[in-house]
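> Okay, sequence plus prediction incoming.
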Amino acid sequence: MSKRWLIVTTVLAVLSLVLAACQPQEVVKTVVVTQVVEVKGTPEVREVVVTATPKPEERKLEIFHWWTAGGEREAADAMFKAFKDKYPDVEIVENPVAGGGGVSHRVVLQARLSAGLPPDTFQTLGGAELKSYVDGGYLVPLDDLWAELKYADVIPKPLANAVTIDGHPYTVPLNMHIQNILYYNKPLFEELKLTPPTTFDELISVAKAIKAAKPNMAPLALGAKEKWGAAFVFDSILLEVGGPEYYVKLYKGEIDVKTDATFKTALEKFKELIPYINTTNPGLTWDESCGLLVSGDSAMVIMGTWAIGYFKSRGWTPGQEFGAVTFPQKPERILLFHPDTYGLTKGAPHPKTTMDWLRVVASPELQIPTDVIQGGLFARIDIDPKEFPDPIRQELMTYVRENPTKLILDQHGSIAPFSFTQAYWDAIAAFVVAPDVDATIKTVGDLFTTYQVKEGAAWYQWP
Amino acid sequence: MEKRTIRFRLGETLVFLGPLLIFLIVLYGMLLWTIYVSFSDWSGTAPNFRFAGLKWYQLMVGLDRFWVDVRNNLRWLLLGVVPTVIIALFIAYLLEISPIRGIEGYVRTLILYPVAMSFIVTGTIWSWMYQPDKGVLNTIFRAFGLNFLVSNYVNDPKTATLWLIVIFIWQYLGFAVIILQSSFRTTELQEMVEAATVDGASKLRILFDVIVPNIRSGLLVLVSLLLISTLKVFDIVYIVTFGGPGYSTDVLAFFMFIATFQQHLVALGAGLGVIIFLIAFIVVIPYTLYAFQRWFE
Amino acid sequence: MVRIIRRNPILFLLTVLALAFLTVSYLLPIYVMFATSLKTPVEITQRTYLVLSGNLQWENYATALRLIAPALRNSSIISFTVTLLATFFGALGGYYLARVRAGWVRFLFILVGIALYLPYQVVLIPLVQLMALTRLALTHAGLILSYLVLNVPLASVLMGTFFLSVPRELEEAAEVDGASKLQIFFRVVTPISLPAYASVAIIIFTQVWNEFLLALTLSTPLTTTIQVKLAEVKGSFVALYNLQMAAALIAVLIPLTFFLLLGRYFIRGILAGALKG
């Protein structure tokens, strides 16, 4: 009796494994095509040897992205609709991994790529993040595709540079997200008769005014839980204090932070700003920091264009409940940006389908609906800014069109290698809680050497 | 216990031990792989198995963050295990001797549900509990006028780890109480307790002099499980503070995650994993070995 | 049963205090979850965690259920299969370790124990590579096997510890009667070990159901587990906590039911019989 039990249990166990592992077999068809070849001139009889064409590639696209819920889900759907409109025979297999900025996304990619299980294409932010995949040999250069689409002609040069490593473009960007935007509570500003600040000093005076009028409000909202929020604010200060060339040099590791006066000044200015930042910042995510504006606990936040989607999900309309300016606007009005891009992985199961996908990604038919919903700017500057329903992005898009060189890579799709950037974010986030200028200078200086930023960021060219 | 050896024939050995051995070999294989990688130069998205010696260990030791991690992990070890055991002991005992009927089932379900609930969600809830301005705890305290209890919880680098450990205790209390309760329910122990009661010993004396010395095996299992969990702690840190403020609540397992998957420094991550393992060796395993020794006799 | 019910006011007070404290600390988070699950995203932004919405969004539960149903199915398949197999294999292995007295077996027991201290992140990358090699990476089987690798050692240690405490007289008698090892195991040992089986099953089930990182890495849209799905439901840019909380409250029903069913065995003695101090 017990032997029977053993057999039964073992069979059950094996059966469950087998059932779970069952996958439908692929049917391989060989197609023989006879071609009629026309030859010009004297009719001749030629023998044409035709070999069986290889099995046509399955029209399937396996795609990784992180637009999983709410408004972003609609943006993903818009992307896929544009793809299916052009190529109706395609089956899209998406693997959405939640987490903006791609924290969880990177985990899955790292594991899958190093195990030789690449998807056809995956979302990546350009810059150093892209470079880490290129260095790993996981992406195929897209020179031919770009030449075919003449893509470099329709996008701003800094954007093209952000996805071009060692002279070869590796991905196709479909949007641009601007990092350094200062969102502000419009009705409050009108009530207190304030103009939105465009320099650091204006920011301080506006913050003072708000604090005086509304003592329970933290003038500037910050969500430092994911760490990069603090670096965003600091970047704005750096940009103003040092200017664009300095900014680029710094993140390329060409500045000795320990002896540099500009860096120190920037930190000290940041220190001045801290009393006006909410003390709850270490525990708040970026969306919760934007939420502080909606709940009336704060008046301003420095965040990227993706916040527009967040505000809309909370019932706020751009231009009504909130306004936005890029910050800072001195000495020049520079936009820090990063793109969302897609490429072709090496060893992709469906390369031809993926190339079709990339063609659609580069097209206005995809970019217009997707970017309008998701919150970024178009990658192509030949699209009419009026396609955006909100005045904020209309203005931004027009500015980019007219000044395409005023774009620099930001913290997300970064100039400096990711190994440095992660640790750098921690240091700046720690600074907000404990503003020790000298200690932070030392820490950051050491980080530049430890993570070899100079070598790692040498690839970046600006303008 | 008798010491006669029970003989297993080869076929029987394969059936009984086979599956375990297979999985064990795979597991140790992966451990060895990790140890090797920690000595390699894998610092990008693509594997790189070139030997690099102690390079990453040297880098690790030079990082302030690493030492913060070690300190935090030791704090977790001590403050995660001891309070949990003590509180669980009192609660389990209270359930045994309580004059109120029927509370046992209620309490058990109550403190067990955190284990069934997704940590992603419980972590989010606790971060809401801890928010200094509008969080649940401070709101309640202020509502009752207990302003002296208002705190910055995990926003204050000095106390942040402690408050994370509170979450750990909250999560594991259920398990602890159950394990201890089942330890109480042996016939010998119950006879001893009855004898002591008849002799007129107070409840507390019974607890310390009769019960505690005789539930050593239960305590062993409990402490081992807790030690393992605190050493590996990752989820709580990931969800509630993400290592912050700055990296004051960072632990080795979290740094390992960041190093491996965000910084793409896989060799560094592997090295950190090895360090966790070594700490386990030094701190935890001797204790378990000693306990097992006693048992094998 | 040690239930000394005496009229002891201090004890009564202590009990009441403990009860109150526990009730508040454990029910408060549930209440917050519940309250949040019935809000709209706009209301969540107010961060008034204790306030129930004036406009209860019960449809959040319908939406959440629709979103997570496939993930619940996947998690159930994976968790139950792993629990079944791990408990079974663990019991077999644990029995061997507990009964065979050779020195190398003791060493093996220790090896298995050490393996438990491995932080699972450490084995994530090699595990994925292994799964890729065996072409199982993106299937249910891949996840099941991965979890088995991580959990069979644990099951063995727990069951082995338990078996060590079971007196051998019964087994020896059966052996004298001519029963084979397998027969002894199934007919003699197992019936009295059911509480241990139940306890181990609960522990393993919990480990697997709650696991996030491995499930994330090896997941495909077809095999997404509930933990991964919960993260997805919140979204990357829109923070839909209301849906996430509703989903979590729905999802907890499965492990909770499993618990309550097996829980009585849990109490009857994960270590029953062993605890002679």
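It's in. Source: prediction; values computed, not measured.
> so what's residue A:323 up against?
A:183-184, A:186, A:189, A:196, A:392 (CB atoms under 8 Å, 6 or more residues apart in numbering or on different chains). Yep, even glycine has a C-beta here, placed from its N, CA and C like the rest.
> Next, find the distance separating residue A:448 from residue B:98.
Applying CB to CB, to the nearest Å, the value for residue A:448 to residue B:98 is 62 Å.
> next one: residue A:276
From residue A:276 across to residue B:98, the span is 53 Å (CB to CB).
> again with residue A:260
From residue A:260 to residue B:98 the distance is 67 Å (CB to CB).
> Which one's more surrounded, the two?
Remark: of residue A:260 and residue B:98, residue B:98 carries more neighbours, 23 against 17, as counted by other CB atoms under 10 Å in any protein chain shown.
> For the residue lying closest to that one once chain neighbours are set aside, give me its contacts.
Spatially, and ignoring its direct neighbours in sequence, residue B:98 is nearest to residue C:15 (4.6 Å; CB to CB, 6 or more residues apart in numbering or on different chains). Contact partners of residue C:15, counting by CB under 8 Å, 6+ apart, are B:94, B:98-100, B:103.
> wouldn't residue C:142 be in contact with residue C:133 here?
No: using CB atoms under 8 Å, residue C:142 is not in contact with residue C:133; the gap is 10.8 Å.
> The two: who's more crowded?
Using other CB under 10 Å, the more surrounded residue of residue C:142 and residue C:133 is residue C:142, with 25 against 11.
> Which pLDDT value goes with the more buried one?
If you check residue C:142, the pLDDT there is 88.
> Which single residue in chain B comes nearest to chain A?
Closest residue of chain B to chain A, CB to the nearest CB: residue B:246 (2.6 Å).
> Confirm that residue sits in a strand?
No: assigned with DSSP: H, G, I helix; E, B strand; the rest coil, residue B:246 falls outside any strand and is coil.
> hang on, it packs against residue A:430?
Yes: look at residue B:246 against residue A:430 with CB under 8 Å: they come within range, at 2.6 Å.
> and for these two, which residues touch both?
residue B:157.
> Now do the contacts for residue A:231.
The neighbourhood of residue A:231, defined by CB under 8 Å, 6+ apart, consists of A:411, A:424-425, A:428-429.
> what about residue B:213, how many neighbours?
If you count neighbours by other CB under 10 Å, residue B:213 ends up with 11.
> Now name the helix or strand holding it.
helix B:212-214 (DSSP states H and E).
> Averaged pLDDT, that helix. What do you get?
Per-residue pLDDT values across helix B:212-214 average out to 79.
> right, quick check: the helix or strand that that helix is followed by against chain C, any contact?
As assigned by DSSP H and E, the chain's next helix or strand after helix B:212-214 is helix B:216-231. Yes: counting by CB under 8 Å from any CB of the partner chain, chain C has neighbours in helix B:216-231: B:216-218, B:221, B:228, B:231.
> Using CSV, list the CA coordinates for helix B:216-231.
What follows is helix B:216-231 as a C-alpha-only set of coordinates in CSV (Å, rounded to 0.1, in the frame of the first residue of the first chain):
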residue,chain,number,x,y,z
ARG,B,216,15.5,25.3,25.2
SER,B,217,14.7,23.6,22.0
GLY,B,218,11.9,25.9,21.1
LEU,B,219,14.0,28.8,21.9
LEU,B,220,16.8,27.4,19.8
VAL,B,221,14.5,27.1,16.7
LEU,B,222,13.1,30.5,17.3
VAL,B,223,16.4,32.3,17.8
SER,B,224,17.9,30.6,14.8
LEU,B,225,15.1,31.6,12.6
LEU,B,226,15.2,35.2,13.8
LEU,B,227,19.0,35.4,13.4
ILE,B,228,18.7,34.2,9.8
SER,B,229,16.0,36.7,9.1
THR,B,230,17.7,39.7,10.6
LEU,B,231,20.9,39.0,8.8
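> what about it, distance to the chain center?
Here helix B:216-231 is found 8 Å from its chain centre; the criterion is CA atoms, centre = their mean, to the nearest Å.
> list the helices and strands whichever helix or strand comes after that helix packs on?
Counting by DSSP H and E, the element after helix B:216-231 in chain order, helix or strand, is helix B:235-236. If contacts are counted by 3 or more CB pairs under 8 Å, 6 or more residues apart in numbering or on different chains; DSSP states H and E, helix B:235-236 sits against helix B:119-130, helix B:160-184.
> if we go to 10 Å?
If you count contacts as 3 or more CB pairs under 10 Å, 6 or more residues apart in numbering or on different chains; DSSP states H and E, helix B:235-236 packs onto helix B:119-130, helix B:160-184, helix B:252-257.
> Need the contact partners of that helix.
Outside helix B:235-236, the residues that touch it by CB atoms under 10 Å, 6 or more residues apart in numbering or on different chains are B:76, B:118-120, B:122-123, B:126, B:164-168, B:171, B:249, B:251, B:253-254, C:210-213, C:227.
> Could you confirm whether stretch B:21-41 reaches chain A?
No: residues of stretch B:21-41 are not located near chain A by CB under 10 Å from any CB of the partner chain, the shortest gap being 10.9 Å.
> Enumerate the positions of that stretch that are buried.
Neighbour counts using 16 or more other CB atoms under 10 Å in any protein chain shown place B:21, B:23-24, B:26-28, B:30-31, B:33-34, B:37-41 of stretch B:21-41 among the buried residues.
> Now residue B:62. Nearest residue, chain neighbours left out?
Residue B:62's closest residue in space is residue A:450 (CB to CB, 6+ apart), at 7.4 Å.
> so who does the one you found touch?
A:419-420, A:423, B:59, B:62-63.
> circling back to that earlier point, output the contacting helices and strands for the helix holding residue B:213.
helix B:187-199.
> Quick check: mean pLDDT of the next helix or strand after the helix it packs on?
For helix B:187-199, the following helix or strand on the C-terminal side (DSSP H and E) is helix B:203-205. For helix B:203-205, the mean pLDDT works out to 78.
> other SSEs contacting helix B:203-205?
Right, helix B:203-205 is packed against helix B:64-97, helix B:187-199, helix C:9-37 by 3+ CB pairs under 10 Å, 6+ apart.
> Run through who's touching that helix.
Under CB under 10 Å, 6+ apart, the answer for helix B:203-205 is B:93-94, B:96-97, B:193, B:196-197, B:199, C:4, C:6, C:8, C:10-11, C:14.
> In the stretch 101-250 of chain A, where is pLDDT below threshold?
A:101 (pLDDT under 70).
> So which bits of it are right by chain B?
So far as CB under 10 Å from any CB goes, the stretch 101-250 of chain A lies against chain B at A:101-111, A:113-116, A:128-129, A:131-138, A:216, A:218, A:224-227, A:230.
> Verify the stated contact: residue A:224 with residue A:427.
No: Residue A:224 is beyond contact range of residue A:427, at 11.8 Å (criterion: CB atoms under 10 Å).
> And the two? Which one has more around it.
Neighbour comparison, residue A:224 and residue A:427: the larger count goes to residue A:224, with 34 against 24 (by other CB under 10 Å).
> List the contacts of the more buried one.
With CB under 10 Å, 6+ apart, residue A:224 has these contacts: A:230-233, A:277-278, A:280-286, A:289, A:425-426, A:428-433, B:155, B:242, B:244-246.
> count of residues packed around the residue of the stretch 1-150 of chain B found nearest chain C?
Across the stretch 1-150 of chain B, the shortest distance to chain C (CB to the nearest CB) belongs to residue B:20, at 3.0 Å. Residue B:20 sits with 24 neighbouring residues when counted by other CB under 10 Å.
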